Every structure is written in C-alpha cells, then in structure tokens.
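Asker: return atomic coordinates for the entry below.
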Amino acid sequence: MFKVVREHPKVFWAVIIIIIVVSILSVYEKQKYKANPYEKQIGNPPRENKVFDDNFYYEKLTDNEKKAYEKIKDAIVNFKGGELTFDSPLNGKEYSRVTQALYCGEDDLFYAIVNVPMTENNQSVSSVTKNITDIKEQTIVKCIILLYPAEGINEQGDIDDQGYVKNLEDLKNPLATMNEDKKSTVLKMQQASEEILNKVVSDMPKEYGKKQAIDYFLDWMDKNLILDSDTMENTDKLSNMTEVFEKNYFEGCTSCVVDGKAVATGYSKVLTRLCNKAGISAHMTIGSWKYSGSYTLVNVDFEGKQVYIDASGCKKDDLWNQRYISDTLMARNMTISDLFNDEK
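Answerer: Numbers count the residues shown, from 1 in each chain. A predicted model of the protein is given here:
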C-alpha cells in the first residue's frame, strides 16, 4: 500500500478524490430523492372500470411458445402431473419464456413446478449448461410437471453423470397419481385466496384513484402478511418437495394470503393481482438484484410514467426507504431479465 503511494502518488490521490466525489454525489442524490420522492411525482390518475387479465408475458410469446404454455397450463389445471411432451420442441430461451409467462401469469399455479426440461432421449438439458438460454437448438422435447398433491412428489429422480433421467418410467405413475386430500387442500386454498382478494378490493373506497388504491393494498398487506425472512434465507435447507411447496411456493404466490405468511415474491403477486382486479393494469418484473440474487417488483403505468413498486419493502435500505421507484432508480439496483426483449 505505502509502496504504491510512494511510486504513484498522483494516481493514488486521483482515486481518493474520485471516491470522495462519488460519495458526495451519492449522498446529495439520496437527499434530493427523499426530499421529492417519486410517489409524489406520479399523481393519482383514475382507475379503469374493468378487471384486467394478467397476460402481459403471454401476449409476448410466439405461436409455438403459446402452444407449449397452453399444454402445460392445461395439465396443471387438470392435475395431470409427471412427464409432458411438447407438440413442437423448444430451445432454451423459448422454454424459459414459457415458464416465466406461467409463473407471472393470471393463474396463480402455486401447487405446480415445471422442471427438468429434457431432450427426446430423457437427458436433462440443465446437465449440458448452467444457463438454459444458451441452448440455441430446439432440443427440449419434454419436461416434468411436479404437483403438490402427487403421491410421488418426494420421490427422487435418478440422473446419471451425463444428465440422463434413468428412472423416468418409474416416476410416471407416482407423479400422475393425486392424493385426494392434498388435492382438496389445493382447491380450498384457491377458493379462499380468491375470496380474500376480492374482499380487499370490494372494501376499498370506490372513488380511489390508482395511487390511493395501491397505498390501500400496501397497507393491507403490511397489516395482514408476515414476511417470512427465515424461508427466504434458508431455501437450501428444505429437505423434500413437500417442504418446497409448503414453505416456499405457497408463500410465494397469492395463496400466501390464506395463512398470512409470505416471501417477497408473494407480496408482488398479491399486489399485482389486487391491482388487476381493481382496474389497474399491472405485471411483475423479474430481475437480478445487486449482490443478492433474483427479485421481483410490480410495474404499473401512471399515464406514461413507469412506476416500480417494492411490494414487500424488502429492499428499502437500497431504495432509500421508498416503495414507489422510478425506472432510473430501479435500473441502478436490478438488472431485468432479458427474456422478453424485442428479439424473439
């Protein structure tokens, strides 16, 4: 350190000055933002007198992707778990777009996980590359649908060193056979969550504009949901798929309103659904938060201004205690997934 200072004093002091200037500018910008927060700049435009379908990502799918989407959704809704073969094969980006559209769509399929995309020869493509979008050829022919009520939900797949699923035939029946008690639990949770969300919207004053309505929803979530930080920090400790569903997926979807415990994604899904039910077109934005992995925000258009909402408030320290943020502040903290850019 001291040797560097002696040999390159100008460079050293230039770096120090840059660090000081950047720090001062950061503090200044923070104070300026807090003095005039974005939520006070967006107004309170009226809501529309309609219920929006959350089909933001679905509408961006190609025809082939939509066919895959519909086939997966049909299997999930009808409790048909296990192996599913696509009508036309997909490449890595296409498969990822389909699964994101399902994950962020109107139908909150909290009891289903779409996983293990495979080639025709039952090779898991995840064994070929860490980033599935790197697979440019349309080699994904099938996948596995894991349903919470499946009798074999906790049975392990036997995958060899080359990624081939050796016991796929043995898994088919256990994954396709539903436990009726668990299926009944899922249906009751679906009904209960819809009733709760509908009541939240109906209890809200009818004259509220967009901003007032979202404030109302955020306040309701703060009072009725508990953030499950323990699950968020310890997902690697879940020992089987039943736990993955009950302690992660159930809390990461609108089903979280039933038991009142949610992870951050659950807050985003609840706010998105409430907004759409209340005449405010909204969708989830998925990305990678700086230093801390994947995260979701809720995107709402305020008469041309793109507003991103941190529904859970988890990132308040990075966002200067703001929940309504501009696209500029969002971009400084989160890199949005590029699956749905203009290039198909």
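Asker: where does this protein dip in pLDDT?
Answerer: 1-36, 235-236, 342-344 (pLDDT under 70).
Asker: all the strands of it, residue numbers only.
Answerer: With DSSP state E applied, the chain shows strands at 82-90, 112-118, 140-147, 226-227, 261-262, 282-289, 293-302, 305-309, 324-325, 334-336, listed in chain order.
Asker: got TSV for the ones you listed, with distance to R47 too?
Answerer: (Glycine included, C-beta is placed from N, CA and C.) Converted to TSV, these look like this (distance: least, CB to CB, whole Å):
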stretch	distance to R47
strand 82-90	38
strand 112-118	31
strand 140-147	36
strand 226-227	27
strand 261-262	24
strand 282-289	11
strand 293-302	11
strand 305-309	14
strand 324-325	16
strand 334-336	26
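Asker: OK, contacts around P174?
Answerer: By CB atoms under 8 Å, 6 or more residues apart in numbering, the contact list for P174 reads A150, E151, G152, E155.
Asker: same deal with G43?
Answerer: By CB under 8 Å, 6+ apart, G43 lies in contact with K211, F302, E303.
Asker: hmm, back to that, any idea which of the contacts of P174 has the most stuff around it?
Answerer: Highest neighbour count within those: A150, with 26 neighbours (other CB atoms under 10 Å).
Asker: who's that one bridged to?
Answerer: The bridge-partner assignment for A150, based on DSSP bridges, gives M178.
Asker: my guess is it contacts N179, does it?
Answerer: Yes. A contact is recorded between A150 and N179 when judged using CB atoms under 8 Å, the distance being 7.3 Å.
Asker: next one: L274 from K206, what distance?
Answerer: Using CB to CB, to the nearest Å, L274 is found at 15 Å from K206.
Asker: neighbour count winner among the two?
Answerer: When neighbours are counted by other CB under 10 Å, L274 comes out ahead of the other of L274 and K206, with 27 against 7.
Asker: just to revisit the earlier point, okay if I get the contacts of P174 as TSV plus distance to D317?
Answerer: As requested, these are exported to TSV (distance: CB to CB, whole Å):
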residue	distance to D317
A150	40
E151	44
G152	43
E155	42
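Asker: just the closest of those to K188, please.
Answerer: Nearest to K188, judged by CB to CB, of the contacts of P174 is A150 at 17.6 Å.
Asker: for the closest one, what are its contacts?
Answerer: Residues near A150 by CB under 8 Å, 6+ apart: G81, G82, P174, L175, A176, T177, M178, N179.
Asker: most widely separated two among those?
Answerer: Pairwise distances among those were taken by CB to CB; the largest, 14.2 Å, belongs to G82 and N179.
Asker: of those two, which one has the most company?
Answerer: More neighbours sit around G82 than around the other of G82 and N179, counting by other CB under 10 Å; the figures are 19 against 15.
Asker: surely the more buried one meets K142?
Answerer: No. Contact criterion CB under 8 Å: G82 and K142 do not qualify, at 10.2 Å.
Asker: for K172, see how far away the closest residue to T177 other than its chain neighbours is.
Answerer: The spatial neighbour of T177 that comes closest, neighbours along the chain excluded (CB to CB, 6 or more residues apart in numbering), is E151 at 4.5 Å. As judged by CB to CB, E151 and K172 stand 12 Å apart.
Asker: joint contacts of those two?
Answerer: Taking CB under 8 Å, 6+ apart as the contact criterion, E151 and K172 have no common neighbours.
Asker: burial count for Y57?
Answerer: Under the criterion other CB under 10 Å, the count of neighbours that Y57 has is 22.
Asker: I meant Y103, not that one.
Answerer: Neighbouring residues of Y103 were enumerated by other CB under 10 Å; the total is 20.
Asker: and for M284?
Answerer: A total of 21 residues lie near M284 under the criterion other CB under 10 Å.
Asker: could you do N55 as well?
Answerer: Every residue meeting other CB under 10 Å relative to N55 is counted, giving 15.
Asker: check the gap between it and R47 for me.
Answerer: As it turns out, when the distance is counted by CB to CB, N55 lies 19 Å from R47.
Asker: run a quick neighbour tally on the closest residue to V125 other than its chain neighbours.
Answerer: Nearest residue to V125, sequence neighbours excluded (CB to CB, 6+ apart): P117, at 5.1 Å. Here the number of neighbours of P117 (other CB under 10 Å) works out to 24.
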